[in-house]
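1. fold the following for me, if possible:
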Amino acid sequence: MKRLYTIIFLFLFAISAHAQLNGTGFYRFRNSANTSDYICLANDKFNYTTIISSAAGGLSQLLFDQANAIKRATACATNYLQTDIHLVTDTECIDPSTVIYAKNTTGNYYDLIGQGTSLLSLTTGQYPGNVKLNFENITALLTRVSGSGANALYTSRVSLKASNYESADLGNRYFIDDNGKFNISESSSAQNAKWYIEPVTHFNVSATVEFGGKYYATMYVPFAFTLSNNVLKAYVVTAIGNDGTLEIEEVTSNGGMVPAGTPVLLECGSNVVAECQLIPVNEPLCSTPYLTTGDAPSASTATNYTGTNLLNGTYYCNQDGNLSYPKKSGTGTINANHYTARTNSMYVLGITASGKLGFVKATGTAMPANKALLEYTGTAELVLPFEEAAFVKGDVNRDDDVTIADVTALVNIILGKAVEGDENNYDFKAANVNEDDHITIADVTALVNIILGK
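-> Predicted coordinates:
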């Protein structure tokens, strides 16, 4: 019942936290037409050289065939924006890519920062023609259009215009949710062009591995965060022994702060995401806009952690493939992929072959974003220095006593009223009383025998 009260409280707290934009801070942007869709920064491909040179046809086309050149350039810019900005469903607030730092620049203009880069970084560039076109200071105009408090709705608009050449003006575009896909529009009247802006007081941890009565996950984000609620400790890996034993160092414990840009191993006391919270603090690390190249800078890989840390990771796992855009004649393509390929040397958090908590060889095609990984070329099993927690056979309800109440708990497991993963209330290892690796009625008989002293 206590767990239920905790979840209800956190849910009500989350509802009350929905409020309007209030200056620089961490927010999430949720669409008002498709209310489960949140904006996330998914890539850093935006490239003015391609937009102006290849799509528009260069400066001469912008001067002498402006309407068609701008039409092609806008289509290309739209594809880039769709590559860099995604819409995701994240109602439990466990996806760090949906946590956006809105940095007020002037008036109602904001730079939107996430995943080690920002809107300003992405859209800053220079077309290196005979007359250079500088695109800079392109930030989002956030305008409240209706409501207040939790019901306040905003539009988000960018002006794609060169700062030193008026003819290179791609016009104003509003962010919209195009049936689950990010898009831009010249109009702000439709409901899908309106957004709830929700202040972020915390985001939640989804633990991926259970071991020894604790729950573990890795995290890699560009902002600092403090450990709250049931997030107990954060560790880094400092060395790998010849036998694969991993040496770790505690970065901080509950209530303490993990420095920005630090990939860490998190230890939690619960596997309920709403009970494991991280509180983002301070301005995130971010790439710096750079005008002497046509390419937007890649996401910042800096870290504020000063100790030894063998963990690393990636902010992006975007596999959109090739996207096409119109050219003066024919079409061009954009390689929209941005991910870290999983090679034989990449290891992720898991249970090793010997049943220990450690890092196991990754499989698949891409590393997930915002997770920590280890690169290792040896053959030893990578084991973390954590021991399996002791348990009492038959103490199914974890009250440190074997009684008839444990029989009731065991029957609940057999009847499906308790499921694997609900280890806070049931000890599934202790429930396997006859040690045959199956929880059945035979375990009930064995448990009753223990209680009766047989």
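2. now this structure, which segments are flagged as low pLDDT?
-> For the chain, residues meeting the criterion pLDDT under 70 lie at 1-19, 127-135, 162-170, 290-296, 388-391, 418-424.
3. top helix in it by residue count?
-> Of all the segments of type helix in the chain, defined by DSSP state H, the longest one is helix 66-84.
4. can you name every helix or strand that it contacts?
-> Other elements packing on helix 66-84 under the criterion 3 or more CB pairs under 8 Å, 6 or more residues apart in numbering; DSSP states H and E are helix 59-64, strand 169-177, strand 182-185, strand 322-326, strand 331-335. For the C-beta atoms, the positions are set from N, CA and C on the backbone; glycine is no exception.
5. go again using 6 Å as the cut-off
-> Packed against helix 66-84, as judged by 3 or more CB pairs under 6 Å, 6 or more residues apart in numbering; DSSP states H and E, are the following elements: strand 169-177, strand 322-326.
6. contacts for stretch 179-190, please.
-> Defining contact as CB atoms under 6 Å, 6 or more residues apart in numbering, one finds that stretch 179-190 is touched by T78, Q82, I85, L87, T155, R173, Y174, I176.
7. buried ones in it?
-> Within stretch 179-190, the residues scored as buried using 16 or more other CB atoms under 10 Å are F182, N183, I184, S185, S188.
8. gap between it and the chain center?
-> Stretch 179-190 has its average C-alpha position 23 Å from the chain's average C-alpha position, going by CA atoms, centre = their mean, to the nearest Å.
9. first-to-last residue distance for it?
-> End-to-end distance of stretch 179-190: 13 Å, with CA to CA, to the nearest Å as the criterion.
10. and stretch 256-274, by the same measure?
-> 19 Å.
11. now swap in stretch 37-50 and tell me
-> The first residue of stretch 37-50 is 29 Å away from its last residue (CA to CA).
12. list of residues touching that stretch?
-> 28-31, 80, 83-84, 86-88, 90, 97-98, 114-115, 117, 122-123, 125, 127, 135, 177, 294-296, 298-299, 316, 318, 338.
13. one step back: now distance to N229 and mean neighbour count too, for the helices and strands packed on helix 66-84, in CSV please.
-> As requested, these are exported to CSV (distance: least, CB to CB, whole Å; neighbours: other CB atoms under 10 Å):
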stretch, distance to N229, mean neighbour count
strand 169-177, 31, 21
strand 322-326, 41, 16
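14. okay if I get the ones you listed as CSV plus distance to Q20?
-> Below are the helices and strands packed on helix 66-84 laid out as CSV (distance: least, CB to CB, whole Å):
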stretch, distance to Q20
strand 169-177, 17
strand 322-326, 35
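15. out of the ones you listed, flag the one nearest F386.
-> The stretch from the helices and strands packed on helix 66-84 with the least distance to F386 (CB to CB) is strand 169-177; that distance is 43.1 Å.
16. adjacent strands (with direction) for the very next helix or strand once past the longest helix of the chain?
-> Toward the C-terminus, helix 66-84 is succeeded by strand 85-89 as the next helix or strand (DSSP states H and E). Strand 85-89 has its sheet partners listed here by DSSP bridges as strand 37-41 (antiparallel).
17. which is the succeeding secondary structure element to the partner strand?
-> Where DSSP H and E defines the elements, the next helix or strand beyond strand 37-41 is helix 48-49.
18. how far out from the middle of the chain is that next one?
-> 28 Å.
19. for the residue most central in space within the chain, list the residues it contacts.
-> Relative to the mean C-alpha position of the chain, the nearest C-alpha, by CA atoms, centre = their mean, is the one of P96, at 2.8 Å. With CB under 6 Å, 6+ apart as the criterion, the residues that contact P96 are V221, N370.
20. against V205, how distant is it?
-> Distance, P96 to V205, using CB to CB, to the nearest Å: 10 Å.
21. and the longest helix of the chain, what's buried?
-> Of the residues in helix 66-84, those buried under the neighbour-count criterion (16+ other CB under 10 Å) are 69-70, 72-74, 76-84.
22. coming back round to it: mind putting the buried residues of stretch 179-190 into a markdown table with distance to A430?
-> Below are the buried residues of stretch 179-190 laid out as a markdown table (distance: CB to CB, whole Å):
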| residue | distance to A430 |
| --- | --- |
| F182 | 49 |
| N183 | 53 |
| I184 | 57 |
| S185 | 58 |
| S188 | 59 |
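23. which one of those sits closest to G355?
-> G355 has its nearest neighbour among the buried residues of stretch 179-190 in F182, at 43.3 Å by CB to CB.
24. who does the closest one bridge with?
-> Per DSSP bridges, the residues bridged to F182 are D177.
25. can you give me the helices in this protein?
-> Along the chain, the segments classed as helices by DSSP H run 2-16, 48-49, 59-64, 66-84, 119-123, 404-414, 428-431, 441-451.
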